[in-house]
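Visitor: What follows is a predicted protein model with its sequence.
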There are 2 protein chains.
Amino acid sequence: MIATENLPRQAGTTLTLEEIARLADVSRSTVSRVINDDPNVRPATRERIWQIIKAHDYYPNPAARALAERRSRVIGLVIPQALNAIFADPYFPSLIQSCAAACDERGYYLMLSLVLRQSDDTFRWLIRARHMDGLIVASALTEDVFVTRLLDERFPFVLIGRRSERPDIPTIDADNEHGAYLAAQHLVQLGYTRIATITGPLNMVAALDRRDGFLCGLQAMGIETPAAYIQEGDWSEWSARQGMERLLQATPRPEAVFVASDNMALGALKAIQAAGLRTPEDIAVVGFDDIPAAATTDPPLTTVHQPIEQLGHLAAATLIDLLEMAPASADGAHAQHIVLPTELIVRMSCGQALRPSATQRAAARNLSDEGGVKYRSLISAALTG
Amino acid sequence: MIATENLPRQAGTTLTLEEIARLADVSRSTVSRVINDDPNVRPATRERIWQIIKAHDYYPNPAARALAERRSRVIGLVIPQALNAIFADPYFPSLIQSCAAACDERGYYLMLSLVLRQSDDTFRWLIRARHMDGLIVASALTEDVFVTRLLDERFPFVLIGRRSERPDIPTIDADNEHGAYLAAQHLVQLGYTRIATITGPLNMVAALDRRDGFLCGLQAMGIETPAAYIQEGDWSEWSARQGMERLLQATPRPEAVFVASDNMALGALKAIQAAGLRTPEDIAVVGFDDIPAAATTDPPLTTVHQPIEQLGHLAAATLIDLLEMAPASADGAHAQHIVLPTELIVRMSCGQALRPSATQRAAARNLSDEGGVKYRSLISAALTG
DNA sequence: ATAGCCGTTGGGAGCGCTCCCATTTGTTGG
DNA sequence: CCAACAAATGGGAGCGCTCCCAACGGCTAT
């Protein structure tokens, strides 16, 4: 017998459902059932059809599926900001990567939508074209017309990195406020009283949250913050360097500074060094993010860890859940609001050499997966609660 | 008259071609012609139909189009590597961003394919499913089964960041070899004779190119390189730090080091500092990439600039050109091989304080767009040549 | 006036799936 | 042994486009 169906397939050729059906001597419908895991197929038939599908390396045409099913299994990741400086931070790359991984797991595709020009057209195109089933919006801006538009159009989306003011918008965020609060508390406990901060750009939610959490922490410990001790940066190293230079000229000079991102903390450290001062002896520094570079600065940077990977993963998973829910329940007004815990990682830049136990623990959590497990349990608590 | 067609459209509803046709009192075909810029439509009719399309915010259904046209206008960016450490470098983020921008310009979508598990399945799925019209493969590995597979399947793709050994594979790359050559030449001209290098992982093409270009440059200037002066890193800061520590123990100690990436150069600088030595007085350092951080290290890092943005942009543009060419000519054996020039940026880390003119020029090129223009003309030369 | 032609327009067929309903087959109880 | 039902299967009708070919008008050339 000549096994024609086992010959190497023609390069660049793809079979159709119908052709597979003919080879298996069944109908289109039955093959479709096998592919979509419909239980109403006799096991023997199912097995035979799978063999043929594999032998011919058949994949259903995504466009045809999308047309018939009215969904594309594509979700978009929207980063609607001026992007020039964005990629200096490892935040977005990590986010992209983790979203992609989560999509992969669920059989979805991830499409990138770096909204370069905030034009009306771009939004329309993104939403109305319906190439994507839903969007992950990494919008950190406090005011964003895009969100309003999505709501108007009833387009499915989740918001990432941003508290939501509305109960009907699903939101995934790290607990920036609490992380910053912890940083404040830590500095006060170490005995510092003149404590300053370099914030992110204050039109972004994360920057506000971190500033507020920090000031709130100081206040709770009975520390006042003069206006001169609050400098606004823009996440860039350079802006923080300049902010730090201004802080160094303040009288009295602050003893400690909370910098709203590790990337900016790098700039702050350089400004301190350039001024001939030392960290932490002359001025203590605490960062935020726990980027890899934070562990290798001189001195190693005390910082607040935020679980970026889990943020992305959870955002994608939540969106896909939303999409696969019955439309009726998807309309429901009670969307999920997930807040992932942040954690203070104590290293050397805050003058904490005295407490080896804390430092060791910080080192350990960079190696082990312990942190992940902890988050996961907290997340599930949030989901069921 | 009640202008029903000017009422706000129903949320979440999308019209079809047919419905637009009915509103305009023409046929399906005519509307399709308008959308696809077919010249055979009377100007008056065309204008009237456009009005209606805009008034209703109509966009053609991408799935239906893809099914009928047999192409999706989606291209994929494949990054087939262990991704854990990848995003420490700003290389990939810049690449992603520039590819996305180029796609945007041409009306294409960019789909991200971070190939996490190098399984056979993933490749099959990527190629055979034909969700994408073509791929940009950012494969820096010297050996890559994926490329072979793409060729077998006659799947359109361009290779990025890699010399191609085959004339039939379109390739976009920066001139790593020449950049490294320039670095070597520069160090020798400054009077150094004991010159070492920390390479990238040698299973990657870019790492090999930079090493070879560098050694070739030294050789051309009559300098020998002992084996102990060549340390292999893995692009991570940490690996370079360790490599540098080994170099510092070599006897005689090298006077200058070429580090194959700026990110690694950061680690090297730290190792030098930790050993109580100074840059460039005790040991000069030259990096590669010209990442933003290179300008703010202490001392500012002399490095080789590579035009990452243009790499991504050109890769996407080349692929799209390829896809839109007539299939006959696309088969042609003469694919484009574009090599973008690299440029030495002289700062302070190589002991070059004596030549202010060069330093000024380096600073200028970070601010102005001058560099971009120069590349562009070189590129077009490459294209027409 | 009539054939011939070009600039326009309309409608059928089909892209490769899913979904629904009708039909066939297999299984059980009276 | 046949009705009654469930399990398994087949085929029609779309999904919303593009592409092709036929048809239509108005025009010039004969």
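Guide: Yes, it's here.
Visitor: Flag every residue of chain A that's near DNA strand D.
Guide: Contacts of chain A with DNA strand D, taken as Cβ under 7 Å from any atom of the strand, map to A:25-30, A:33, A:39-42, A:45, A:64, A:67-68, A:70. C-betas here are computed from N, CA, C, even on glycine.
Visitor: what do you get if the cut-off is 6 Å, keeping everything else the same?
Guide: For chain A, the residues in contact with DNA strand D (Cβ under 6 Å from any atom of the strand) are A:26-30, A:40-42, A:45, A:67-68.
Visitor: got the residues of the stretch 151-300 of chain A near chain B?
Guide: A:152-155, A:237-238, A:241, A:266-267, A:270, A:273-274, A:292-293, A:296, A:298 (Cβ under 8 Å from any Cβ of the partner chain).
Visitor: I'd like to know which of these are buried.
Guide: Buried positions within these, assessed by neighbour count (16 or more other Cβ atoms under 10 Å in any protein chain shown), are A:153, A:155, A:237-238, A:241, A:266-267, A:270, A:292-293.
Visitor: just for chain A, where's the confidence low?
Guide: A:1-12, A:80-88, A:115-120, A:140, A:142-143, A:164-165, A:326-334, A:352-385 (pLDDT under 70).
Visitor: now the residues of chain A next to DNA strand D: which count as buried?
Guide: A:26, A:30, A:41, A:45, A:67.
Visitor: Skipping adjacent residues, who's closest to residue A:62 in space?
Guide: Spatial nearest neighbour of residue A:62, excluding adjacent residues (Cβ to Cβ, 6 or more residues apart in numbering or on different chains): residue B:131 at 4.5 Å.
Visitor: Could you tell me the phi and psi values at the one you found?
Guide: Dihedral angles of residue B:131 (phi, psi; degrees, to the nearest 10) stand at phi -70, psi -30.
Visitor: Let me see the contact set for it.
Guide: Residue B:131 makes contact with A:62, A:109, B:72, B:74, B:76, B:111, according to Cβ atoms under 8 Å, 6 or more residues apart in numbering or on different chains.
Visitor: Now that the second one has come up, it's in contact with residue B:111, right?
Guide: So the one you mean is residue A:109. Yes: using Cβ atoms under 8 Å, residue A:109 is in contact with residue B:111, at 5.7 Å.
Visitor: Look up the residues that both of the two are in contact with.
Guide: Counting by Cβ under 8 Å, 6+ apart, the contacts common to residue A:109 and residue B:111 are A:74, B:131.
Visitor: just to revisit the earlier point, can I get the buried ones among the residues of the stretch 151-300 of chain A next to chain B in TSV with distance to residue A:53?
Guide: Putting these into TSV (distance: Cβ to Cβ, whole Å) gives the following:
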residue	distance to residue A:53
A:153	38
A:155	34
A:237	53
A:238	56
A:241	59
A:266	53
A:267	56
A:270	59
A:292	43
A:293	48
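Visitor: Closest to DNA strand C out of those residues?
Guide: Closest approach to DNA strand C among these (Cβ to the nearest atom of the strand): residue A:155, at 20.5 Å.
Visitor: Any figure for the gap between residue A:227 and DNA strand D?
Guide: Computed as Cβ to the nearest atom of the strand, to the nearest Å, the residue A:227 to DNA strand D distance reads 56 Å.
Visitor: again, but for residue A:172
Guide: Counting by Cβ to the nearest atom of the strand, the gap from residue A:172 to DNA strand D is 32 Å.
Visitor: Contacts only, for residue A:171.
Guide: Contacts of residue A:171 (Cβ under 8 Å, 6+ apart): A:158-160, A:162-164, A:335-338.
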